[in-house]
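below are the sequence and a predicted model; questions follow.
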Amino acid sequence: MTAAAPIPAPRRFGRVNWIGLVTFASRDMRRTLKTYRYSLLGPLVSNMMFLAVFHLALGDRVWGLGTIGFGQFLVAGLVVFAICERAFETAAVSILYDKMEGMIWDTLMAPLSPLERTIGYTIGAASVGLLTGTIVLAASLLFVRLPAPDIPLLLFFAATGAVVLALGGIIAGTWAERWDHQSAISTFLLLPLSFLSGCYYPIGGLPELGRQLIQLNPVFYIVDGVRAGLTGFHEGSLQIGAAVLPSMAVVLFVLVHRLIRTGYKVKP
Amino acid sequence: MNPNASPATPLYSPPGAPVVRRLGRVNWRGLLTLYLKEVRRFAKVATQTVLAPLVTTLLFLAIFVLAIGRSVDSMGGVTFMEFLAPGLIMMTMVQNAFANTSSSILIAKIQGNIVDVLMPPLSPGELTAGFALGGLTRGLLVGFTTWGAMTLIVPINMHAPLFVLFHAAAASLLLSLLGMLGAIWAEKFDHLAAVTNFVITPLAFLSGTFYSIERLPEALKIAAHLDPFFYMIDGFRYGFIGHADGSLGAGIAVMIAANAGLWLLIHRLFARGYRLKA
């Protein structure tokens, strides 16, 4: 008779399960890198198309840009659109896919606290968004020169924006029960918010009412802040943006933490 | 027993027992059923397949309206908005025609229920027609809806309705067939995404949808004339504004030839069972 293998001792961890958190947070990035054709090259190509098309169609028709060119103006919009879309979709699809396929139990059963899961989902999706944004920016630099970017400002707005959209994506993915629901949110909420945010055109030419409405759109502050970081040109108040976005991130984070803790639409 | 006797025709069948249905040269009922299956498939999720493209297209229109503001200069002899509207309608039509056939066939292949269309008594010709007409229907429906919504926002005149109709139908059919080709070839969703991202989207975007190709550098202008997507948007736009960048006759010839060539190719693929039958 062979001796029974000694029973492994349960792993002990302190207040934070660091290994679990890192594993969990890197999951969405690994998934993205594995399907890079679809999840990284796709957005890259479509954003380069937008750059070419808007430039050819609108290049010399847009007014109110001051000293920067339309190409420079546009790059910030493309980068932010890529960040927002990918951060939101990554979080939403990650949760909804797991729910639909029944794999969500793998994350619920792992020794991760609600706080660790919230942080993990947020960091995972936000970093996918930022990676896509970086790729789009790098490709745009082949066509457009950006003389004096303000890196800290750029990073602050890009990162806060990615976190806000990732948290929004977690809520969407948690709430949705079918793919229909998720795609309805993308089409009827995320796309209008992104397209009507001054991504691709200066809001200076709009009527007063339009300008005020756009300033209620949080994506506007992300675009404006990132654009200030890339080109120095901005149309709204950076202070308001620097106040609005972090507070939104905090409120959404608390809400998402609560949803994950109570198991809303996830646990029976 | 005569080995040549067809097993499907027994010498005697009891009264009331079902007999084998006889089909003529065309299995009309089967074709109609396949077509209706394709239409019902997208109609069931009309929010995603009709309403969503409408919203996306109107948002594109909004971007251009907002970006240009009160600037009134013209492109191709009409205001920029009149120039742009047909391009947007055409873009959404072709994207949806492509999406309809490609998703239908690829999902069926991956989930294994493609046998449900391969086993019934449908000839390769009937399969080709059923799928292609389904995509054509979605393309035209989305195009018509978008056109209806746009007329509320920008003034759209129609200069030659027959040109509009011909190019709308020819373009939707062409993209339906391309969608079938892509999905028959693809083995994973990744493959189809690659076709969409690297072939369909660039061809659609760079074909003069949003700008007159007169604005392109000389080398790209020649490239645009080689792009079949250029002819469908150019002829379609001519039907609305009465101005074309390229030759109208060449456009019609290219559309008919491309559709006929692709139709024959798909027919052949179905007949051989390429990547469909084991």
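In hand now; what should we look at? Keep in mind that what you see is a predicted model, and the values were worked out from it rather than measured.

helix or strand next in line after the lowest-mean-pLDDT helix or strand in chain B, which one?
The least trusted helix or strand in chain B, going by mean pLDDT, DSSP states H and E, turns out to be strand B:74-75, with a mean of 66. Per DSSP states H and E, strand B:74-75 leads on to strand B:78-79 as the next helix or strand towards the C-terminus.

just the mean pLDDT for that next one, thanks.
Across strand B:78-79, pLDDT averages out at 80.

is any part of it close to chain A?
No: using Cβ under 8 Å from any Cβ of the partner chain, strand B:78-79 stays clear of chain A, with a minimum separation of 11.7 Å. No exception for glycine: its C-beta is placed from N, CA and C like everyone else's.

parallel or antiparallel, list what pairs with that strand.
In the sheet, strand B:78-79 lines up against strand B:74-75 (antiparallel) (DSSP bridges).

from A:Ser39, how far off is the residue nearest in space to the middle of chain A?
The structure's chain A has its C-alpha centroid closest to A:Ala87; by Cα atoms, centre = their mean the separation is 2.7 Å. According to Cβ to Cβ, to the nearest Å, A:Ala87 and A:Ser39 sit 12 Å apart.

CA atoms only for stretch A:80-97, dumped as PDB, please.
This file holds the C-alpha atoms of stretch A:80-97, laid out as PDB (Å, rounded to 0.1, in the frame of the first residue of the first chain):
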ATOM      1  CA  VAL A  80     -11.100  58.600 -26.200                       C
ATOM      2  CA  PHE A  81     -13.700  56.800 -28.300                       C
ATOM      3  CA  ALA A  82     -11.500  53.700 -28.400                       C
ATOM      4  CA  ILE A  83     -10.800  53.800 -24.600                       C
ATOM      5  CA  CYS A  84     -14.500  54.300 -23.700                       C
ATOM      6  CA  GLU A  85     -15.900  51.700 -26.100                       C
ATOM      7  CA  ARG A  86     -13.400  49.000 -25.200                       C
ATOM      8  CA  ALA A  87     -13.400  49.600 -21.400                       C
ATOM      9  CA  PHE A  88     -17.200  49.500 -21.400                       C
ATOM     10  CA  GLU A  89     -17.600  46.500 -23.700                       C
ATOM     11  CA  THR A  90     -14.900  44.500 -22.000                       C
ATOM     12  CA  ALA A  91     -16.400  44.800 -18.600                       C
ATOM     13  CA  ALA A  92     -20.000  44.200 -19.800                       C
ATOM     14  CA  VAL A  93     -19.100  41.200 -22.100                       C
ATOM     15  CA  SER A  94     -16.900  39.600 -19.500                       C
ATOM     16  CA  ILE A  95     -19.700  39.500 -16.900                       C
ATOM     17  CA  LEU A  96     -22.600  38.700 -19.300                       C
ATOM     18  CA  TYR A  97     -20.700  36.000 -21.100                       C
END
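
and the pLDDT for the nearest residue to the residue nearest to the centre of chain A once chain neighbours are set aside?
Spatially, and ignoring its direct neighbours in sequence, A:Ala87 is nearest to A:Gly129 (2.9 Å; Cβ to Cβ, 6 or more residues apart in numbering or on different chains). Per-residue confidence at A:Gly129 stands at 97 (pLDDT).

now do the buried residues in the helix or strand harbouring A:Gly129.
Secondary structure assignment for A:Gly129, by DSSP H and E: helix A:114-140. If you call a residue buried by 16 or more other Cβ atoms under 10 Å in any protein chain shown, then helix A:114-140 has these buried ones: A:116-133, A:135-137, A:139-140.
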